[in-house]
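Participant: Predicted model, plus sequence, below.
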Amino acid sequence: MRIMERATGMEEGKAGLRAGNDVPVERPAQRSGARPVSRRREGEMAEVAAKARRRAFLADRMARLGIWSLSALALSVVALVLGVILWNGLGTALSPSFLFGKPEAMREGGGIWPMVVSSFYLAALTLLMVIPLGVGAAVYMSEYAGEGRLTRLVRFGADSLSAVPSVVFGIFGMVVFVIYLDLGYSLLAGALTLTLLNLPTVMRSAEEAIRSVPVSLREAALALGCTRWETVKKAVLPVAMPGITTGAILCVGRIVGESAAVIYTVGLFVRKVPWSPLRPAAPMAANIWHMYTEGALVPDWFRVASGEAAFLLLLVLILNLAARSVAAAVRKRMGYRV
């Protein structure tokens with residue numbers, strides 16, 4: 001009988017579902033006494049969510065405070081260094097008699113004009129060698145060489161050389177160029193050493209600029225019948241020129257501010273402007289080191305060193321701003337968004 005009653009109830013339930021009627025089915029969730037439990041759970045979940053929001057808000061505030069504190073500390077250190085250098089030497093650096101004057105070895109009142117010329121002369125010689133080599137290697141690596149073990153090895157070597165201290169390049173240049181090739185302390189020996197120092201950076205920056213050119217430009221040039229070299233020369237290099245130009249100008253700033261590699265290959269002090277690349281010279285960074293370590297015979301060595309450091313700092317800042325301005329101007333001229 002019970003089995004027949006259950007079967008009859010199931011048939012009535014099915015008939016009710018067919019007719020669209022809701023058949024009351026007793027479920028555990030609808031039993032009496034279950035509703036207060038669910039409300040308690042909702043309250044607990046809301047409390048847990050509120051605690052989580054408070055913890056997230058506190059963590060966000062702490063992270064924000066930490067980031068602002070570290071940024072303020074870094075900016076304070078930079079501002080302190082810049083302030084000390086400019087406070088001690090800005091007035092001297094802006095003096096025409098100091099900038100265009102002749103340096104003195106035993107008396108006070110000397111200038112730094114031969115050092116300024118030496119720095120730009122050295123930078124020009126280095127750029128004449130490092131830009132063709134670096135850009136040429138970048139074009140070959142990005143456009144002609146296929147991806148393989150050799151190209152990965154070359155990129156790994158370039159990245160590794162970029163991390164080598166400059167004093168190692170200076171000692172290498174002294175042994176190879178100054179002594180073995182008998183160039184002596186000269187601008188040419190320093191330019192060759194700085195070429196080796198800056199070649200990996202120039203090559204990698206130029207390669208990244210070339211690889212950022214859209215592939216569609218290459219495909220369009222090749223579809224019009226251009227050869228591989230015509231595609232590189234007329235489609236790829238003009239678009240990559242802002243990045244290459246920025247890397248070259250930043251390279252000038254590094255050359256002008258380099259001291260460790262220059263001390264061992266170029267020289268520390270000269271009284272006349274060096275016009276020959278085979279003559280010794282005294283770039284500003286090396287002369288600043290000379291004044292602070294061996295310039296005690298000059299009565300006003302601190303004034304000379306501080307003024308030269310301030311002028312070098314202003315020069316590097318101007319070169320960095322020029323790099324950004326030139327890149328922005330080239331992009332604007334070519335129709336790219338800055």
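Facilitator: Structure's in. What do you need?

Participant: And for stretch 285-292, what's in contact with it?
Facilitator: Under the criterion Cβ atoms under 8 Å, 6 or more residues apart in numbering, residues 112, 115, 119, 256-259, 262-263, 266-269, 282, 298, 301, 304-305, 308-309, 312 lie in contact with stretch 285-292. In short, each C-beta sits where N, CA and C put it, glycine included.

Participant: so how far is it off the chain centroid?
Facilitator: Between the mean C-alpha location of stretch 285-292 and the chain-wide mean there is a distance of 27 Å, by Cα atoms, centre = their mean, to the nearest Å.

Participant: Would you mark the buried spots in it?
Facilitator: Taking 16 or more other Cβ atoms under 10 Å as the neighbour-count basis, stretch 285-292 is seen to contain the buried residues 285-291.

Participant: can you check stretch 162-175 too?
Facilitator: Using 16+ other Cβ under 10 Å, the residues of stretch 162-175 that count as buried are 166, 169-174.

Participant: Next, format those residues as CSV and append secondary structure.
Facilitator: Formatted as CSV, the entries for the buried residues of stretch 162-175 read as follows, by DSSP: H, G, I helix; E, B strand; the rest coil:
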residue, secondary structure
S166, helix
F169, helix
G170, helix
I171, helix
F172, helix
G173, helix
M174, helix
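
Participant: Include distance to V84 and pLDDT when you put those into CSV, please.
Facilitator: As requested, the buried residues of stretch 162-175 are arranged in CSV below (distance: Cβ to Cβ, whole Å; pLDDT from 0 to 100):
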residue, distance to V84, pLDDT
S166, 24, 89
F169, 29, 92
G170, 27, 91
I171, 31, 93
F172, 33, 93
G173, 32, 93
M174, 32, 93
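
Participant: mind giving me a markdown table with the residues you listed and columns for distance to A158?
Facilitator: Below are the buried residues of stretch 162-175 laid out as a markdown table (distance: Cβ to Cβ, whole Å):
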| residue | distance to A158 |
| --- | --- |
| S166 | 16 |
| F169 | 14 |
| G170 | 19 |
| I171 | 20 |
| F172 | 17 |
| G173 | 19 |
| M174 | 23 |
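
Participant: that older thread, so of the buried residues of stretch 285-292, which ones are in helices?
Facilitator: Residues of those located in helices (DSSP state H): 285-291.

Participant: Let me have the residues you listed in a markdown table, extended by distance to E147 and pLDDT.
Facilitator: Conversion of these to a markdown table gives the following (distance: Cβ to Cβ, whole Å; pLDDT from 0 to 100):
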| residue | distance to E147 | pLDDT |
| --- | --- | --- |
| A285 | 39 | 89 |
| A286 | 42 | 89 |
| N287 | 46 | 88 |
| I288 | 45 | 89 |
| W289 | 44 | 88 |
| H290 | 48 | 86 |
| M291 | 50 | 85 |
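
Participant: What is the nearest of the residues you listed to D60?
Facilitator: Among those, A285 lies closest to D60 (Cβ to Cβ), at 44.4 Å.

Participant: Check which helix or strand A206 maps to.
Facilitator: Using DSSP states H and E, A206 sits within helix 187-211.

Participant: That helix - what's its average pLDDT?
Facilitator: Predicted confidence along helix 187-211 averages 91 (mean pLDDT).

Participant: What residues of whatever helix or strand comes next after it count as buried?
Facilitator: Proceeding C-terminally, helix 187-211 gives way to helix 215-223 as the next helix or strand, assigned by DSSP H and E. Judged by neighbour count using 16+ other Cβ under 10 Å, the buried positions of helix 215-223 are 218, 221.

Participant: what about helix 215-223, average pLDDT?
Facilitator: For helix 215-223, mean pLDDT is 87.

Participant: So which other helices or strands are in contact with it?
Facilitator: Helix 215-223 makes packing contacts with helix 228-231 when contacts are defined by 3 or more Cβ pairs under 8 Å, 6 or more residues apart in numbering; DSSP states H and E.

Participant: Check what contacts the helix it packs on and list those residues.
Facilitator: With Cβ under 8 Å, 6+ apart as the criterion, helix 228-231 contacts 143-144, 218, 221-222.

Participant: 10 Å - rerun?
Facilitator: Outside helix 228-231, the residues within contact range by Cβ atoms under 10 Å, 6 or more residues apart in numbering are 139, 143-144, 217-222, 224, 236-237.

Participant: Nearest to A52 among these?
Facilitator: Of all the contacts of helix 228-231, the one with the least separation from A52 (Cβ to Cβ) is L217, at 50.2 Å.

Participant: picking that back up, may I see the ones in helices among the buried residues of stretch 285-292 arranged in a markdown table, with distance to V316 as well?
Facilitator: Shown next, in a markdown table, are those (distance: Cβ to Cβ, whole Å):
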| residue | distance to V316 |
| --- | --- |
| A285 | 10 |
| A286 | 15 |
| N287 | 15 |
| I288 | 13 |
| W289 | 16 |
| H290 | 19 |
| M291 | 18 |
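
Participant: Nearest to A191 among the buried residues of stretch 285-292?
Facilitator: When the buried residues of stretch 285-292 are compared against A191 (criterion: Cβ to Cβ), the nearest one is A286, at 13.9 Å.

Participant: Could you give the number of residues near the spatially closest residue to the closest one that is not a sequence neighbour?
Facilitator: Spatial nearest neighbour of A286, excluding adjacent residues (Cβ to Cβ, 6 or more residues apart in numbering): V262 at 4.6 Å. With neighbours defined by other Cβ atoms under 10 Å, the count for V262 comes to 32.
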